[in-house]
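> Structure for the following, please:
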Amino acid sequence: MRIPSFSNIVRTFYTLTNATTRALPASQRALRPFTRGTVLKSMPTIPSLGSLFSSSNSQNMSYPMQKSDDEWQAVLNKGTPTFSNLHYCGLIPSLEQFRVLREKGTEAPFTGQYDKHMPSSGVYTCGGCNAPLYKANHKFKSGCGWPAYFDSIPGAVTRHTDRTFGMSRTEIVCSKCGGHLGHIFKGEGYPTPTDERHCVNSVSLNFSKDDPVVSGKSEAKV
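Got it, this is the predicted structure:
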């Protein structure tokens with residue numbers, strides 16, 4: 001059994017004690033009734049602690065793009081160094097993007113660069129392999145503290161059952177590389193076409209102003 005790293009324990013405590021009471025911008029006050037519940041449900045996953053209660057089955061899946069941990073460490077370089085015990089017993093710092101995408105971590109709410117990012121066009125791609133995941137018009141303001149999307153590009157995102165913390169949630173990962181993106185929540189009452197909220201970590205994403213080529217063809221406008 002692996003002991004949770006101190007940074008992950010602090011991050012979870014921060015989310016539970018502070019994020020639910022943080023004031024929202026005026027443009028999001030109308031969504032305030034959703035904020036407390038959505039932040040709590042979207043709380044960080046601590047893989048080492050969550051393994052005590054079972055965890056996501058995405059770890060057992062195979063994806064088209066395969067790399068070793070050392071290879072991922074070399075290319076996932078966004079964010080600030082954090083201490084992770086998942087592979088190094090808490091002694092060697094790893095980068096935030098690796099921690100989230102490959103170790104199924106969660107960035108602190110209201111801190112990601114794409115939380116309030118609302119472009120009129122463009123595509124959000126995977127931070128690990130650059131595969132197109134979400135179009136700009138999939139994104140909506142949820143007030144939850146993380147980027148929210150009501151749908152994804154067909155086939156781009158794979159869903160798995162996540163039973164960390166003794167509860168059942170739907171984890172979403174990149175279909176190409178298996179990188180952890182976040183979770184999906186349904187039935188929260190947002191005025192969107194699907195009544196789904198893809199709660200995604202900013203550090204798991206890149207953004208392109210132009211539509212990239214998908215499966216050899218330009219993705220049609222939604």
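> what's the helix or strand for the residue nearest to Gln73 when sequence neighbours are not counted?
Of all residues not flanking Gln73 in the chain, Phe98 sits nearest, at 5.5 Å (CB to CB, 6 or more residues apart in numbering). No exception for glycine: its C-beta is placed from N, CA and C like everyone else's. Per DSSP states H and E: Phe98 is located in helix 96-101.
> Following the chain past the lowest-mean-pLDDT helix or strand in the chain, name the next helix or strand.
One helix or strand of the chain scores below all others by mean pLDDT, DSSP states H and E: helix 47-50, with a mean of 39. From helix 47-50 onward toward the C-terminus, using DSSP H and E, the following helix or strand is helix 69-75.
> how many neighbours does the residue nearest to Gln73 have?
If you count neighbours by other CB atoms under 10 Å, Phe98 ends up with 26.
> Next one: it from Gly128, what distance?
9 Å (CB to CB, to the nearest Å).
> Between the two, which contacts overlap?
Common contacts of Phe98 and Gly128 (CB atoms under 8 Å, 6 or more residues apart in numbering): Trp72, Leu76.
> list the helices and strands the helix holding Phe98 packs on?
Counting contacts by 3 or more CB pairs under 8 Å, 6 or more residues apart in numbering; DSSP states H and E, helix 96-101 packs against helix 69-75, strand 81-83.
> Go through those and find the least confident stretch.
Ranked by mean pLDDT, these end with strand 81-83 in last place, scoring a mean of 49.
> So the residue nearest to Gln73 is in contact with Trp72, correct?
Yes: here Phe98 reaches Trp72: they are 5.9 Å apart, a contact under CB atoms under 8 Å.
> check contacts around Leu76.
Leu95, Gln97, Phe98, Leu101, Arg102, Gly127, Gly128.
> how much space between it and Val200?
As for Leu76, its distance to Val200 is 16 Å (criterion: CB to CB).
> Name the stretch among the helices and strands packed on helix 96-101 that sits most buried.
Greatest average neighbour count among those goes to strand 81-83 (a mean of 15), per mean count of other CB atoms under 10 Å.
> Report the beta-bridge partners for Leu205.
In this entry, Leu205 is beta-bridged to Cys126, by DSSP bridges.
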